[in-house]
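Asks: Curious how this folds, go ahead:
(chains A and B)
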Amino acid sequence: MKFDKVDLQIIKCLQEDARTPFTAIAKRLGLSTSAVQSRFYKMQDSGLIVGATVLVDRARLGYYETFMGIKTVSSNTSEVIAYLKNLKIGRYCSVYCYEAIISYYNIFLAIIHKDVLDIHLIKDMVLQHPGVIKVNANLLTSAKKDYCALDLRNLIDRRV
Amino acid sequence: MIEGFSVDEVDFKIIDILKQDARISFSKIAQKLGVGTDSVIRRYKKLLKTGIISKPTIVLNSRMCGFQGIVDFYIKIQSGTDVNDVIAQLGKIKNVNKISRTLGDIDLLCNAFFSDFEDLVKLTRSVKAIDHLLSVEVSVYVGPDWLIPLDFEVGHTHI
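Replies: Residues are numbered from 1 along each chain as shown, chains lettered A, B, ... in the order given. Just a heads-up that it's a prediction; the model follows:
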């Protein structure tokens, strides 16, 4: 499956506003609406386009975002992840867990919470596990995000 | 934190639906929530205008776009340095996705997508080349599977 410059242009339109109707994209790019439509569905069927979402300004809704790094005894990492899943910390706030490949820490938790004290709660729970060596938390106070700056030229140079 | 207007239960439900599928029709949203379509459109415009939500954006498969992973830079800056200056310089680097100020043992957290090792090296050198940085620690992750403006809620295991 190969993608070309026109596909990339369609993606760019949808990155700016995913609700842009196909007719509007067609007009902008000088294509027929059905051409845009079939290209879109081709990209969707191939798995390139996964979906569409909105980003939420969590701070304005009263949510904090904290990034917690957990250093574990290396052989215990999956055990600690299983332990964390069992704790169901997600009942207090949204917690997303992922594994670092090259890092001082082994596990990262991205925590979306309303109450700053939630972090103490989670840190205490994490430290309960004997495989955990260290826990470090950083509260994100402001973020600059510039999405459309991602360089997608790789997309058309790669045969998928 | 909510200035001059309120966000109610219905607004939150609309936000949740749009987070899952931002292309869904307003009438479908109205149907799901048992409210009028006009009400949904009005609320959507309000949420957009006030910046509570961003314009809907498309989610792509990051690997198919040629990105193999995410790199995090944990940055400490020298005292007396203007952090906004550092943020501006980071923003110029290709494929930097998110820059956050933090409270904790570091000053700035910067995420970027990279396509291969050579790209990772280029990125890291660009960050380290910025003036007045006390230290830059580098963390590398495989993934995420989905490429969007990096938002922790998508593409990782919710626990």
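
Asks: What is the strand or helix carrying A:Ser34 packed up against?
Replies: Under the criterion DSSP states H and E, the helix or strand holding A:Ser34 is helix A:33-45. Applying 3 or more CB pairs under 8 Å, 6 or more residues apart in numbering or on different chains; DSSP states H and E, we find helix A:33-45 packed against helix A:5-16, helix A:22-29. C-beta here means a position set from N, CA and C on the backbone, and glycine is covered the same way.

Asks: Show me which residues of the longest one are buried.
Replies: Buried residues in helix A:5-16, counting neighbours by 16 or more other CB atoms under 10 Å in any protein chain shown, are found at A:Asp7, A:Gln9, A:Ile10, A:Ile11, A:Cys13, A:Leu14, A:Gln15.

Asks: near chain B too, which of those residues?
Replies: Of the residues in the buried residues of helix A:5-16, proximity to chain B by CB under 8 Å from any CB of the partner chain holds for A:Ile11, A:Leu14, A:Gln15.

Asks: Please convert those residues to CSV, extending it with distance to A:Gly69.
Replies: Output for these, formatted as CSV (distance: CB to CB, whole Å):
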residue, distance to A:Gly69
A:Ile11, 34
A:Leu14, 34
A:Gln15, 31
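
Asks: So the helix or strand A:Ile112 falls within, near chain B or not?
Replies: Assigned by DSSP H and E, A:Ile112 falls within strand A:107-113. Yes. Interface with chain B: strand A:107-113 contributes A:Leu109, A:Ala110, A:Ile112 (CB under 8 Å from any CB).

Asks: Let's see whichever helix or strand comes after that strand as PDB, backbone CA atoms only.
Replies: Downstream of strand A:107-113, the first helix or strand assigned by DSSP H and E is helix A:117-127. Once non-C-alpha atoms are left out, helix A:117-127 reads as follows in PDB (Å, rounded to 0.1, in the frame of the first residue of the first chain):
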ATOM      1  CA  LEU A 117      -3.300  14.800  47.100                       C
ATOM      2  CA  ASP A 118      -4.200  11.900  44.700                       C
ATOM      3  CA  ILE A 119      -0.500  11.800  43.900                       C
ATOM      4  CA  HIS A 120       0.500  11.100  47.500                       C
ATOM      5  CA  LEU A 121      -2.100   8.400  47.600                       C
ATOM      6  CA  ILE A 122      -0.800   6.800  44.400                       C
ATOM      7  CA  LYS A 123       2.900   7.200  45.400                       C
ATOM      8  CA  ASP A 124       2.200   5.400  48.700                       C
ATOM      9  CA  MET A 125       0.400   2.600  47.000                       C
ATOM     10  CA  VAL A 126       3.300   2.200  44.500                       C
ATOM     11  CA  LEU A 127       5.900   2.100  47.200                       C
END
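
Asks: and helix A:117-127, how far out from the chain's middle?
Replies: With CA atoms, centre = their mean, to the nearest Å as the basis, helix A:117-127 stands 23 Å off its chain's centre.

Asks: between the residues of strand A:107-113 next to chain B, which is nearest chain B?
Replies: Using CB to the nearest CB, A:Ala110 comes nearest to chain B of the residues of strand A:107-113 next to chain B, at 3.5 Å.

Asks: Is it correct that the closest one is in contact with A:Tyr96?
Replies: Yes. At 4.4 Å, A:Ala110 counts as touching A:Tyr96 under the criterion of CB atoms under 8 Å.

Asks: Outside of stretch A:27-37 itself, list whatever touches it.
Replies: A:Val6, A:Gln9, A:Ile10, A:Cys13, A:Phe22, A:Thr23, A:Ile25, A:Ala26 (CB atoms under 8 Å, 6 or more residues apart in numbering or on different chains).

Asks: in chain B, which helix or strand is least confident?
Replies: strand B:157-158 (a mean of 45; mean pLDDT, DSSP states H and E).

Asks: any weak-confidence spans in the chain?
Replies: No chain was given, so I picked chain A. Residues of chain A that meet the criterion pLDDT under 70 lie in A:1, A:90-92, A:143-160.

Asks: ah, no, chain B please
Replies: Looking at chain B by pLDDT under 70, you get B:1-4, B:142-159.

Asks: redo that, cut-off 80
Replies: Along chain B, segments meeting pLDDT under 80 span B:1-5, B:62-63, B:141-159.

Asks: Distance check, A:Ser99 against chain B.
Replies: If you look again at residue A:99, you'll see it is Glu, not Ser. Note on A:Glu99: its distance to chain B, by CB to the nearest CB, to the nearest Å, is 7 Å.
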